[in-house]
Each structure stands twice: as structure tokens, then as C-alpha cells.
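**Student:** dropping a prediction and its sequence here:
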Amino acid sequence: MPRKRREEKPLQRRLMRFWWRFLAIALVFFVGYTIWLGGAYRSTEAFTAGQCEAVPAPPGPEDMALLPDGASSIPGLAPGAIVSSQDRRNRDAPGGLYFYDMSSRPGSFTKLELPASLVLHPHGISLFTAADTGQMFLHVINHRSTERHTVEIFTVQRTAGMPLPVLRHRGSVSSDLFVHPNGIAAAGPESFYLTNDRGPGPRWMHMVENLLQLSRSTVVYHDGRGARVVAEDIAFANGIEISADGGTVLVGSTQWRMLLAFTREPQTGMLLRSGSLSLPGGADNIRRDANGDLWVAAHPNAFAFIGHAMDAEKESPSMILRLARDSRGVVHTEEAFGDPGTLISGASVGLYRQGRLLIGSVFQPTVLDCLIDGTKLRASDS
């Protein structure tokens, strides 16, 4: 009996050594994979399919929504975009909504007046135009400092005697399902899809979630009466857009560096995942142009972006991608803009209109107004 115990101890020690080695190898693999996925070793060279001009802007022009042209536009309204602005290095300071007039280049910013009682800390924004009346509705995510997150809904009208838009506040929408909202896609006057980029919990839990790449993000649909989760188990769901025919919802996963496609049931708003596309960077906001092509802002190096978020002097590379289908239905990913951080850091949105590309960022008080030659875009590797 004593001899058997002596034989068991070396066996137990060998098993323990094996498991410790296995865990060490697994940890090294996980760290290496995380670094690779975050793009730490990926370099971004300067590239523009045209020419860009830096325009001073309100701080943190993180998202933009293009006013429609042609028959869908408001008569007499200048062409341009509504811009969401928030100084994310001073989150206590209220943000605002601005109009960027594209009548000339470079354009100019005008701050849009809001009700005095509405304190706005905006994030994602989206425009919906009613097909029957041409009425425009603006949906804005609002990170209220003392209350839970809300979505503010406005109608967009023209200022009397001037070619500028004016916003009329219709009301605020809230739900316990608005956990940590980031992107929004308006589906109707009062209906919308919203991404939660993280799951519920305190800030330390969000850090663990990002470090371990946990898939706790969700997509929420609000039909004007109530909200429900329609997609889940996503790693940092960020930008969101609805296809021109209303049949598909596109969601960007920053951590997975993917664009996820969901088939949409128009009557109920429910989503069924139907595909995905790898990207050369972590997806941020997604914008659809008049041709139905998608323009996606991407962060090639997540670690550089974190460094830029902590220190404004540190640069973070950016890419703006165009996703377009050919006659066979094959999606091609092309790069319209790439920058190591010298022109702009942490670009979060690319908005295209008739040969012009507006680029905004998460932190910087700058917008790039670019003239883009569609024939000079280059194929992008994922």
C-alpha cells in the first residue's frame, strides 16, 4: 500500500506539470491571437483616392447623417449633413448637433438649436424619410448623465427664409434594453434598430469583456411602442445600417473585424443572421449612399485607438471602405481612404455624396472634406 502511494505522487506531479504547460501554451496563443486580431502588427499607409482638406469642426464629430437629394429633399434646403458632436475627453460638457453645409467646398458648420430643457450627449444618429410625405425624422442616441440612455426623435424642417435645417423635438424614448447604445438605424418615424456595444455591468466588467473578447453585444429593435432584442452574441456591435430595399440590416463588429448581415422581417422587425464579411479593421459606423453602396469606417489597429483615446497626442490609423455589389451580386471591398493618423486619428464615419467624402472621428475637432475619384479606389485585403 505505501508503495502504491509513492507511485501515485509522481503520476500526479506529471499530470500537474502537463496541465500547467497546457495552460501556459493556451495563454500564449490567446494573447498572440488577441494582439493579431487587434491589428497591433498591421501598418496603414497613407492613401486617398482623391484629395482631402481638413476643416475645423466641433469636437468629436463621431457620426453624420446625409440629408437626401432630389425628390426626397426639402425644397430650398442646402445640401449637407447633420453631425453628432460630443467632446469625449470632457464627457460632462454637453454635446450638440450641427449642420455641415456642402453647397461649397470646404463647407461650413452651423449649430442647430435644441430645446433648452434637453441636455444632449449624442452618439449615433440616423435619418428616416417617409416615402409618402417626404417628412424627415432624425433619431439621436443620447447618453444622459443622470438618467438612463434615451433616443431623441426630431422632425427636420427648413428654417424660414434660409437654406438651413431646423429640428423640432418630438420626444424621448427609453428602455431597460438600451444598455450601452452606440449605433442607430431609423426604420420609421418612431421605429429604429440600436446596437449595444457592451453587455450590462460595471466598467470593470466592460474591460474584462473587451479583454476576453466576450460576445455580449446585442441589437435592439424599437417599434414605437416597445423594445426587444433581435440579435445577440456579438463582440462589440458598433455601426448599423438598413439596406435600400429594407430587407437587410448590416451590423459592424469592431472586435471581430466583420460586417454581419441579417435578413429583416419588415412587419415584426425580427432579424435572422444571413452572412458575414471580413474587414481589414474593426468596423465603426456604416453609411449607405444614393447608389446603395456601403461606406464603412474601420480601425486597423485597436491598440493604437485605445492609446489615442487615453492620450490625444498619440495617433490612431483609420480606413474608409466602400462595399459594392457587382452585376453578379458579389460584394467587393475597396479602400477609399487610409491614413496612419497624420491627417486624422480614430476616424469613425465616412459619408459619401456625389464625389465628396466627409470623414469624422471619435475625438478630434476636425472633419476631412475629400474629393474622391471612384476609379481610383483600390482593392482591400481583409
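**Tutor:** Thanks, I have it.
**Student:** the residue nearest to Arg170 when sequence neighbours are not counted pairs with what?
**Tutor:** Distance criterion CB to CB, 6 or more residues apart in numbering; nearest residue to Arg170, sequence neighbours excluded, is Ile153 at 4.6 Å. Glycine gets a C-beta too; all of them are placed from N, C-alpha and C. Per DSSP bridges, the residues bridged to Ile153 are His139, Gly171.
**Student:** can you pull the contacts of Ile153?
**Tutor:** For Ile153, the contact set (CB atoms under 8 Å, 6 or more residues apart in numbering) comprises 137-140, 169-173, 189-190.
**Student:** pick the one among those residues closest to Leu323.
**Tutor:** His139 (23.1 Å; CB to CB).
**Student:** residues in contact with the closest one?
**Tutor:** 125-128, 151-153, 184, 186, 192.
**Student:** now the buried members of the residues you listed.
**Tutor:** With burial judged by 16 or more other CB atoms under 10 Å, the buried subset of the contacts of His139 is 125-128, 151-153, 184, 186, 192.
**Student:** filter those down to the ones in strands?
**Tutor:** Judged by DSSP state E, strands contain the following of these: 125-128, 151-153, 184, 186, 192.
**Student:** quick one: which of the residues you listed is nearest Ile234?
**Tutor:** The closest of these, once distances to Ile234 are taken by CB to CB, is Ile184, at 15.5 Å.
**Student:** wait, the closest one sits on Gly124?
**Tutor:** Yes - between Ile184 and Gly124 there is a contact under CB atoms under 8 Å: 4.4 Å.
**Student:** identify the contacts common to the two.
**Tutor:** With CB under 8 Å, 6+ apart, Ile184 and Gly124 have common neighbours 140-141, 194-195, 240.
**Student:** so Met207, which state does it fall into?
**Tutor:** helix (DSSP: H, G, I helix; E, B strand; the rest coil).
**Student:** tell me if Arg17 really is in a helix.
**Tutor:** Yes - membership of Arg17 in a helix is supported by three-state DSSP.
**Student:** roughly how far apart are it and Pro10?
**Tutor:** 10 Å (CB to CB, to the nearest Å).
**Student:** now swap in Gly281 and tell me
**Tutor:** 51 Å.
**Student:** these two: which has the busier surroundings?
**Tutor:** For Gly281 versus Pro10, neighbours defined as other CB atoms under 10 Å are more numerous around Gly281 (27 against 9).
**Student:** can you give me the helices in the chain?
**Tutor:** Using DSSP state H, the helices of the chain run over 2-37, 203-211, 302-310.
**Student:** weakest of those helices in terms of mean pLDDT?
**Tutor:** When the helices of the chain are compared on average pLDDT, helix 2-37 comes out lowest at a mean of 58.
**Student:** so what's the nearest residue in space to Thr110 that is not next to it in sequence up against?
**Tutor:** Nearest non-adjacent residue to Thr110, counting by CB to CB, 6+ apart: Phe99, 4.8 Å away. By CB under 8 Å, 6+ apart, the residues touching Phe99 are 80-83, 109-110, 112, 164-165.
**Student:** mind doing that once more with 6 Å?
**Tutor:** Listed by CB atoms under 6 Å, 6 or more residues apart in numbering, the contact partners of Phe99 are 80, 82, 110, 112, 164-165.
**Student:** which one in those residues is the model shakiest on?
**Tutor:** Leu164 (91).
**Student:** what number of residues lie near that residue?
**Tutor:** Leu164: 16 surrounding residues under other CB under 10 Å.
**Student:** one more: the one 5 residues further on?
**Tutor:** Burial of His169 is recorded as 15 neighbouring residues (other CB under 10 Å).
**Student:** picking that back up, can I get the buried ones among the contacts of His139 in CSV including pLDDT?
**Tutor:** Shown next, in CSV, are these (pLDDT from 0 to 100):
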residue, pLDDT
Ile125, 99
Ser126, 99
Leu127, 98
Phe128, 97
Val151, 98
Glu152, 99
Ile153, 99
Ile184, 99
Ala186, 99
Phe192, 99
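**Student:** make JSON lines from these and add distance to Leu271 to it.
**Tutor:** Formatted as JSON lines, the buried ones among the contacts of His139 follow (distance: CB to CB, whole Å):
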{"residue": "Ile125", "distance to Leu271": "21"}
{"residue": "Ser126", "distance to Leu271": "16"}
{"residue": "Leu127", "distance to Leu271": "21"}
{"residue": "Phe128", "distance to Leu271": "18"}
{"residue": "Val151", "distance to Leu271": "18"}
{"residue": "Glu152", "distance to Leu271": "24"}
{"residue": "Ile153", "distance to Leu271": "22"}
{"residue": "Ile184", "distance to Leu271": "15"}
{"residue": "Ala186", "distance to Leu271": "16"}
{"residue": "Phe192", "distance to Leu271": "13"}
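**Student:** between those, which is closest to Leu321?
**Tutor:** Closest to Leu321, out of all of the buried ones among the contacts of His139 and judged by CB to CB, is Ser126, at 19.6 Å.
**Student:** got the contact list for the nearest residue to that closest one once chain neighbours are set aside?
**Tutor:** Take Ser126 and drop its neighbours on the chain: the residue closest to it by CB to CB, 6+ apart is Ala186, 4.1 Å away. Contacts for Ala186 (CB under 6 Å, 6+ apart) come out as 126, 128, 139, 192.
**Student:** could you give the bridge partners of Ala186?
**Tutor:** Going by DSSP bridges, Ala186 is paired in beta bridges with Phe192.
**Student:** which one is Glu232 nearest to, not counting chain neighbours?
**Tutor:** Thr218 (4.6 Å).
**Student:** that neighbour reaches Val230, doesn't it?
**Tutor:** No - in this structure, Thr218 is not within contact of Val230 by CB atoms under 6 Å, at 8.3 Å.
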